[in-house]
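Enquirer: Mind folding the following:
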Amino acid sequence: MSTKTYAGQIWVIPSKQVTLSGSGPKALSIMGTLAPATLHAVPAIGKVTGSEYLEATIQVPVTGQVKLTLSTSGKTTSVDVIDGQFWFLGRPGRYALVGHDGNASCSPVTVVLRSGENTNAAPIHCQGA
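Expert: Numbers count the residues shown, from 1 in each chain. Next up, the predicted model:
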């Protein structure tokens, strides 16, 4: 007998001060029925925490910005990186994170943000001279 683990779903209805959670193979489809039935039902946001470093002879924390792109909508925004650390709140989905540090080449990182969860992104590494 195999046991499957299902990611939980957390939805909120802010105007009613209601939070709902569910888990199981049909949780997403059932929670999705809330949006048409209750106009303001939405998946709960989550939080991503990450880091960005310039790697040359030593590893140096970057201060600048990381560009975020949500794959489902293509919507792009940026967040500040301060001393190598950044975070953002967002809707569930797959995000592409692209760092910037002058002319240095930064490897993109992908992170999947789940409803109501805190997620750590893989570090963004930029190659310097």
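
Enquirer: nearest residue to Thr38 other than its sequence neighbours?
Expert: Spatial nearest neighbour of Thr38, excluding adjacent residues (C-beta to C-beta, 6 or more residues apart in numbering): Ile13 at 5.6 Å. All C-beta spots, glycine's among them, are computed from the backbone N, C-alpha and C.

Enquirer: Which residue or residues pair with that neighbour through a beta bridge?
Expert: With DSSP bridges applied, Ile13 shows beta-bridge pairing to Val18.

Enquirer: wouldn't Leu34 be in contact with Pro43 here?
Expert: No: counting by C-beta atoms under 8 Å, Leu34 stays clear of Pro43, with 9.5 Å between them.

Enquirer: Quick check: next helix or strand after the helix or strand of the chain with the lowest mean pLDDT?
Expert: None of the helices or strands of the chain scores lower by mean pLDDT, DSSP states H and E than helix 34-37, at a mean of 68. For helix 34-37, the succeeding helix or strand toward the C-terminus, using DSSP states H and E, is strand 42-43.

Enquirer: and for the helix or strand following that next one, what are the contacting residues?
Expert: Following strand 42-43 in sequence order, the next helix or strand is strand 46-55 (DSSP H and E). Contacts with strand 46-55, where a contact means C-beta atoms under 8 Å, 6 or more residues apart in numbering, come from 59-62, 64, 66, 81, 84-92, 95, 97, 99, 101, 104, 106, 109, 111, 113-128.
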